[in-house]
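when you get a sec, could you give me coordinates for this:
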Amino acid sequence: MKGSIVVFNKQNEMRVIEDIEEALLEDIRRQTKQEHCLVQLDDGKVDLGYISNAFFREGEIHTD
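Residues are numbered from 1 along each chain as shown. Purely as a prediction, here's the structure:
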C-alpha cells in the first residue's frame with residue numbers, strides 16, 4: 001500500500017515524503033532518535049538526518 005510518510009526532526013519541523021510504501025515506515029522507526037536515518041528511495045539511498053517521530057497516511061497529504 002502506498003501513501004505518505006510524515007517525519008519530524010529535532011526542531012519539530014515536518015517533512016512529507018509521498019508515494020512511499022508503508023513498509024518503509026518500519027525502517028524509519030527503527031532509526032528514530034539517531035543522528036542519521038538512512039532509507040532507500042527511488043532515487044537511491046537518502047539520509048533524512050535525525051528523526052524524532054514518523055507517521056504513515058494512505059494516499060496523499062494536501063497542504064496549503
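
quick check: which element contains Ile5?
Using DSSP states H and E, Ile5 maps to strand 2-8.

can you name every helix or strand that that strand contacts?
When contacts are defined as 3 or more C-beta pairs under 8 Å, 6 or more residues apart in numbering; DSSP states H and E, strand 2-8 sits against strand 14-21, helix 23-30, strand 53-58. For every residue, glycine as well, the C-beta is placed using N, CA and C.

partner strands of that strand, with direction?
Applying DSSP bridges, strand 2-8 is found paired with strand 14-21 (antiparallel), strand 53-58 (antiparallel).

quick one: closest of these to Lys2.
When those are compared by C-beta to C-beta, strand 14-21 sits nearest Lys2, at 5.8 Å.

quick check: which ranges of this structure have low pLDDT?
Along the chain, the parts satisfying pLDDT under 70 run over 64.

okay, the helices and strands packed on strand 2-8 in JSON lines with mean neighbour count and distance to Val39 next?
Shown next, in JSON lines, are the helices and strands packed on strand 2-8 (neighbours: other C-beta atoms under 10 Å; distance: least, C-beta to C-beta, whole Å):
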{"stretch": "strand 14-21", "mean neighbour count": "14", "distance to Val39": "9"}
{"stretch": "helix 23-30", "mean neighbour count": "14", "distance to Val39": "6"}
{"stretch": "strand 53-58", "mean neighbour count": "15", "distance to Val39": "10"}
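
which residues are in contact with the nearest residue to Phe56 once chain neighbours are set aside?
Excluding the flanking residues, the one nearest Phe56 by C-beta to C-beta, 6 or more residues apart in numbering is Leu25, at 4.6 Å. When contacts are counted by C-beta atoms under 8 Å, 6 or more residues apart in numbering, Leu25 touches 5, 54-56.
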